[in-house]
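Novice: my questions concern the predicted model and sequence given below.
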Amino acid sequence: MEIALMNLLLLLLQIQDNWPSVLFAMAGGVGLSIGNLATQYSLAFVGLSVTEVTAASITVVVGTTVNYFLDNGLNRADILFSGVGCFMVAVCLGSAVHSSNSADIKAKLGKLSGDCETVTPEECQRLFGVEEEEEEEKEMENVKEGSAAFLIALENKRAIKVLGKSMVVGLGITFFAGLSFSLFSPLFNLATNDQWHTLKQGVPKLIVYTAFFYFSLSCFVIAVALNISFLYKPVLDSPRSSFREYLSDWNGRGWALAAGLLCGFGNGLQFMGGQAAGYAASDAVQALPLVSTFWGIYLFGEYRRSSTRTYALLVGMLVMFTVAVGLLMASAGERETRFT
């Protein structure tokens, strides 16, 4: 254990020799950080189920294709690109689900204004029989999930107002998140395998753990910088805040920290698997939306009381996504030389 730590420390001190690979690893961390931040906004507009499936599918379509060529065809092309095709179909179905669900929401809201960016106290009183936010939690429990009353109550609670906004906004953010995510795995691949021969002759390539250190460092720094910036200069009509207010409010912060730790742990395992079996196949970690869809539908009430068309599109999206993940896993190869 001590020898391994010493070797890791020595590699960290060799940055003057392997700085091109370090930059690739740090650029990958930037891509992940920006993608994560975009996802937070996308969740409000599009919902957990469609956001995760669509973003993950775009990540695979772009990132997996790049990784395949970086790894010199390590994975079975016929199986791999059949899976990529299924992911593309899943992206199209995800967009259709969001469009259909937006139409369902408009139908539920009925007489409410199409430009319903905020809900007045009078409307709140008419809908729920309350005037202030002190009854908000109680009313959220009383209204039926998926109903117009539930949608209005949810809009009152969230900082990002989405009712009345164009569906293109949510899909645009989701696609941007997917494109950002699609960069980090190929960049990490370049950092550990130096396919572009940026290192000088005799300079050792970065091992996974060293590259992951720089990857995580840049991801953390960018996340802190962007979040502090958005506190003072929010986007999408979010309320302005401050760093002091952020530190004073720890409601739900434990969940956020746990999510960050799980994300980092998962990324580390993904990179280790990619170094062993090919980074294209390791993108099978994008199966995570299958779990998040369960959370979204059964725990958070997404798509409750939606139309039959929306349900059919949702099932089709999940089926195509499941098939695509299976094909991605089946395409795995074995790298001759490992650096883990």
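Specialist: That came through, no problem. Residues are numbered from 1 along each chain as shown.
Novice: hey, let's count contacts and neighbours off CA atoms from now on
Specialist: OK.
Novice: in the stretch 51-200 of the chain, where is pLDDT below threshold?
Specialist: Counting by pLDDT under 70, the stretch 51-200 of the chain contains low-confidence ranges at 110-148.
Novice: in what helix or strand does Val203 lie?
Specialist: Val203 is part of no helix or strand, with elements assigned from DSSP states H and E.
Novice: need the contact list for it.
Specialist: The contact partners of Val203, taken as Cα atoms under 8 Å, 6 or more residues apart in numbering, are Asp17, Asn18.
Novice: again with Thr174
Specialist: Applying Cα under 8 Å, 6+ apart, the residues contacting Thr174 are Ala38, Thr39, Ser42, Val46, Thr51, Thr54, Ala55.
Novice: start and end of stretch 278-288, how far apart?
Specialist: Taking Cα to Cα, to the nearest Å, the span from the opening residue of stretch 278-288 to its closing residue is 19 Å.
Novice: same thing with stretch 60-73?
Specialist: With Cα to Cα as the measure, the first residue of stretch 60-73 is 16 Å from its last.
Novice: what's the offset of it from the middle of its chain?
Specialist: Centroid separation for stretch 60-73 versus its chain: 19 Å, with Cα atoms, centre = their mean, to the nearest Å.
Novice: give me the contacts around it.
Specialist: Judged by Cα under 8 Å, 6+ apart, the contacts made with stretch 60-73 from elsewhere in the structure are 74-75, 81, 84-85, 87-88, 179, 182-183, 185-186, 189-190, 195, 278-281, 283, 286.
Novice: strands - which of the residues you listed land there?
Specialist: In strands, judged by DSSP state E, none of these are found.
Novice: that older thread, drop anything exposed from the contacts of Thr174.
Specialist: Neighbour counting over these (16 or more other Cα atoms under 10 Å) leaves Ala38, Thr39, Ser42, Val46, Thr51, Thr54, Ala55 as the buried ones.
Novice: OK, contacts around Ser21?
Specialist: Counting by Cα under 8 Å, 6+ apart, Ser21 has contacts Leu190, Ala191, Thr192, Asp194, Thr198, Leu199, Lys205, Leu206, Ala211.
Novice: contacting residues around the nearest residue to Lys200 once chain neighbours are set aside?
Specialist: In space, and not counting its chain neighbours, Lys200 is closest to Asp17: 7.7 Å by Cα to Cα, 6 or more residues apart in numbering. Asp17 makes contact with Leu199, Lys200, Val203, according to Cα under 8 Å, 6+ apart.
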